Structure formats: C-alpha cells, structure tokens
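**Student:** 3D, please:
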Amino acid sequence: MSQNVEISRANWTNPIQRKHFIDLCLQEANKGFRSVGGLKSSAWPRIAEELEKLLGKRYTSKQLKNGWDYMKRQYLIWSKMMTMTGHGYNSVTKNFDWSAEKWEEYLQKYPEAKQLCFKPLANVEELETLFGGVGVIASGAKESSTHSTSMPSKTSISLEKD
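**Tutor:** Numbers count the residues shown, from 1 in each chain. This is a model prediction of the structure:
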C-alpha cells in the first residue's frame, strides 16, 4: 500500500464501496481465511490493499472489521425477521410488506430493524453466504441457520418418551 495515502472514512452504505468490500471478504473466506468470529486477522490487510487499488481509498484493519460487524448485524436483523411465521417478505421488492401497525409493534421490541422499514437489505445474497451459518437467539447463544425466502417448515419433533 502507498504510504502517502490518507486513511479514508469508511462508508458501508455506499453501494460501490460495499459491493467491493463484500466481494473481497467472500474471496478471503473462500480461500480459507475464515475464523470463528469472521475473517482471520491476516485477511484484513489484503482486503485493505485491494480496496485501495479499486477505490483509491485506504482503510485500516479496524475499519474493515467494523464494516464486517456492521454488515453482520444488518444481516442478523434481516435473518431474524425472515424466521417469523408469515414474515411478509416480498422476494421481488426485497422488502417486508408489513402494515404500519405491524412495523410499529415490531419496532417497539426491535428498534434496530428500523433500517429495513424503508429499504431492502443490500447485497442480501452475498451477506447470506458470509453470515448465513450463524444466527443469534435471545439468550445470546449462537445457533446454526440457513434461510431462504420460502416459509419455514411446520414440522416438529417430540423428544419426549411415549
């Protein structure tokens, strides 16, 4: 990386910057540089170098890790909404078609979902590839999950003896 380039302010809502960042994260993950919490620390300098080549902007590893965490939080919010029975997700518009009353009720419990009231989650397919194997349940424990835009199965299994 060039030593004379100033550290840029990261903007993970900029569609071009976001797409390049996600693509580079996917490349690193596919090369085996994934760790329990995300990507291995050795991946961030490579991503920073590639972003500098692509965008002419320089980022620190901490900014990139923060970007990863931001997008993971966004994905987990979306993912939680997708698990709701009758979630109302419209796969054409990529929005949740909820009434104002339903949004108000949901946002009372989960105010962090407000961002999804007005616009769809950008790059949802790529984020699902990056983060789709991990979800967070109310207790804070991790659980495995895979999502699709189809309705969840209503099959239940009883673990009790007859």
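**Student:** can you list contacts of the longest helix seen in the chain?
**Tutor:** What stands out as the longest helix in the chain, according to DSSP state H, is helix 61-82. The contact list for helix 61-82 (C-beta atoms under 8 Å, 6 or more residues apart in numbering) reads 7, 10, 12, 18, 21-22, 25, 38-39, 41, 44-45, 47-48, 51, 87, 89, 96, 106, 110, 112-113, 115-116, 121, 124, 127-128, 130-132, 135-136, 145, 147, 149. Heads up, the C-betas are built off the backbone N, CA and C, glycines and all.
**Student:** need the strands for this structure, in chain order.
**Tutor:** 34-35, 38-39, 89-90, 95-96, 135-136, 142-143 (DSSP state E).
**Student:** Which one of those has the poorest average confidence?
**Tutor:** Mean pLDDT is lowest for strand 142-143 out of these, coming in at a mean of 37.
**Student:** got the CA coordinates for stretch 35-52 in CSV?
**Tutor:** Taking Å, rounded to 0.1, in the frame of the first residue of the first chain, the C-alpha atoms of stretch 35-52 are listed here in CSV:
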residue,chain,number,x,y,z
SER,A,35,-12.2,-17.7,11.7
VAL,A,36,-14.9,-18.2,14.4
GLY,A,37,-15.7,-14.5,14.6
GLY,A,38,-15.3,-13.6,10.9
LEU,A,39,-12.2,-13.5,8.9
LYS,A,40,-8.7,-14.2,10.1
SER,A,41,-6.6,-11.1,11.0
SER,A,42,-4.3,-11.8,8.1
ALA,A,43,-7.1,-11.2,5.6
TRP,A,44,-7.8,-7.6,6.6
PRO,A,45,-4.5,-6.1,5.2
ARG,A,46,-5.1,-7.9,1.9
ILE,A,47,-8.6,-6.6,1.7
ALA,A,48,-7.3,-3.1,2.5
GLU,A,49,-4.7,-3.3,-0.2
GLU,A,50,-7.3,-4.4,-2.8
LEU,A,51,-9.8,-1.7,-1.8
GLU,A,52,-7.0,0.9,-2.2
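**Student:** Can you tell me what sits against it?
**Tutor:** So stretch 35-52 is contacted by 1-2, 5, 17, 20-21, 24-25, 28-29, 33-34, 57-61, 64-65, 68-69, 72 (C-beta under 8 Å, 6+ apart).
**Student:** Count the residues that sit near the residue lying closest to residue 7 once chain neighbours are set aside.
**Tutor:** Closest residue to residue 7 apart from its sequence neighbours, by C-beta to C-beta, 6 or more residues apart in numbering: residue 58 at 5.5 Å. Here the number of neighbours of residue 58 (other C-beta atoms under 10 Å) works out to 18.
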